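> Pasting a predicted model and its sequence here:
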Amino acid sequence: MRIIVGVSGGVAAYKAAALVSTLVQRGHQVQVLLTPGATQFIAPLTFEALTQRTVGIETSDQPMGPISHVQLAKWADAMAVVPATLGVLSRLAGGQASDLLCLTYLSFTGPVVVAPAMEPRMWAHPRTQAHCDVLKQDGVRVCGPVAGHLASGSEGVGRLIDLEILVGEIEHVHSRDFVGRRILITGGSTWEHFDPVRALTNPSTGRMGFLLAQEAAYRGASVTYVHGPRADQFGPLPDAVKRIAVVSADDMRQAVWDHIDDAEIYVSSAAVSDFKPGGTATHKLHKETLGRSWSMELNPDILQEIGDRYQGQKILVGFAAETDEVVESASRKLTKKHLDLVVANPVGRSEGFGDRSYAAELVSRVGGSQTLSVRTKEEAVPLIWDHIGTIYRERNG
Ligand code: C5P
């Protein structure tokens, strides 16, 4: 992508250098524009070294050359303003043609991401919020700020959004096909405790659920992500994701039933334990006692319950990790659980779990099965959402 990154004069301007470096490493062409104020915080040379391009600052820099606002607006696919100070927010919202960054914004017709960063009190001020509302009405994506520590020593909402998330938001700014969709996702494994220190579980890490929630949010959906223990290890998720941490299959079932009514799409990627111990001791069991308390009970099949209740009313997606007859058993699950789609994965010692190599077959109610030509979960997840998006549009017109 060809991306204009506008940097305004706040302390977080130093983070813009890391953002630009990441975007360049990911194969994007980046043109940096600094407000005159930004040059007080970070030198243009930093960005010139990172992008191999002259940085634009003043409108008089090269009025008819490659850094003219008119040329730039035609060249770029997307624009991001990082960080956006209150000054630049108000100038953008007010349509002031005051510097090269603002002029370029006013000339650009493509998608724009703005990442504010400022003192919490300034961020909370009604004027600041009014500027953001104007920008949002104009179709700008306002990302963050988030709560945390600020350079001034204060704590609160005002910190620049995590760069990792910002990169995702910028890269997805053209593919916001899930705006307005409400999605419930489960991920990770469940833990069925024998006692406070021992549990029955499986090797699922929750990486698939994390990637599914992240991508859906980048594409505009509101996501509720219910996940098992340890599935919160993959880093921050966009604000549009509400996380609910659970432990056992019973907890997960409760969370799913609490949130399913509001969802249009339910994606069950969790590796729910099929069994649980006959009872859970409140104190640590001795080895000898544990050996005798080995009785097992079947867990509820959450997806089956949801399929029985909501078939045809919501889009229902299951996952099936299989060692043999991958497509056949996925098709059986599709029918039995009344699903619209099953993502079937061959699993073995070297594939399937965590971030090891990944293969998947999409088995849908209408349309049969299709092999995804992917090697990683990162490659598979956008294709899975493309497929779910198609099913949604066919259902809802
Ligand atoms: O039948 P199987 O367990 O292989 O089906 C896998 C699918 O069913 C997955 O989507 C999984 O999240 C869901 N499932 C469930 N509750 C269970 C077991 C599986 O929701 N107890």
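Structure received. As the structure is a prediction and not an experimental result, all values here were calculated from the model.
> Tell me how many other residues crowd Gln129.
Residues near Gln129, counting by other Cβ atoms under 10 Å, number 12. For glycine as for every other residue, the C-beta is placed from the backbone atoms N, C-alpha and C.
> Oh, that last question was meant for Gly9, not what I typed.
If we define neighbours as other Cβ under 10 Å, then Gly9 has 18 of them.
> Give me the three-state assignment for the nearest residue to it once chain neighbours are set aside.
In space, Gly9 comes closest to Gly37 once its chain neighbours are excluded; the distance is 2.6 Å by Cβ to Cβ, 6 or more residues apart in numbering. Using DSSP: H, G, I helix; E, B strand; the rest coil, the three-state assignment for Gly37 comes out as helix.
> surely Gly37 meets Gly6?
No. Gly37 lies out of contact with Gly6 (Cβ atoms under 8 Å); the separation is 11.7 Å.
> who has more neighbours, the two?
The neighbour count for Gly37 versus Gly6, taken as other Cβ under 10 Å, is higher for Gly6 (28 against 16).
> Roughly how far does the more buried one sit from the ligand?
Taken as Cβ to the nearest ligand atom, to the nearest Å, the spacing of Gly6 relative to the ligand amounts to 43 Å.
> give the contact list for the residue nearest the centre of the chain.
Centroid-nearest residue in the chain: Gln214, 1.9 Å away (criterion: Cα atoms, centre = their mean). Contacts were defined as Cβ atoms under 8 Å, 6 or more residues apart in numbering; by that measure Gln214 touches Gly168, Leu237, Pro238, Val241.
> what about the closest residue to the first one other than its chain neighbours, distance to the ligand?
With Cβ to Cβ, 6+ apart as the measure, Tyr218 is the residue that lies nearest to Gly168, at 5.0 Å, once sequence neighbours are left out. Relative to the ligand, Tyr218 is positioned 23 Å away (Cβ to the nearest ligand atom).
> about what we covered before: for the ligand, see how far away the residue nearest to Gly9 is.
Distance check for Gly37 against the ligand: by Cβ to the nearest ligand atom, it reads 51 Å.
> repeat for Glu325
Glu325 sits at a distance of 12 Å from the ligand (criterion: Cβ to the nearest ligand atom).
> Pull out the buried positions in stretch 14-32.
Of the residues in stretch 14-32, 15-17, 19-24, 28-32 count as buried by neighbour count, 16 or more other Cβ atoms under 10 Å.
> Using CSV, list the CA coordinates for it.
These are the backbone C-alpha positions of stretch 14-32, laid out as CSV (Å, rounded to 0.1, in the frame of the first residue of the first chain):
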residue,chain,number,x,y,z
TYR,A,14,8.9,9.3,18.7
LYS,A,15,6.6,6.2,18.4
ALA,A,16,5.7,7.3,14.8
ALA,A,17,9.3,6.3,13.8
ALA,A,18,8.7,2.7,15.0
LEU,A,19,5.3,2.7,13.2
VAL,A,20,6.9,3.9,9.9
SER,A,21,9.7,1.4,10.2
THR,A,22,7.2,-1.5,10.7
LEU,A,23,5.1,-0.3,7.7
VAL,A,24,8.2,-0.1,5.5
GLN,A,25,9.4,-3.6,6.7
ARG,A,26,5.9,-5.0,5.8
GLY,A,27,6.4,-3.8,2.2
HIS,A,28,4.4,-0.5,2.2
GLN,A,29,5.6,2.7,0.6
VAL,A,30,5.4,5.4,3.2
GLN,A,31,5.5,9.2,2.8
VAL,A,32,5.9,11.1,6.0
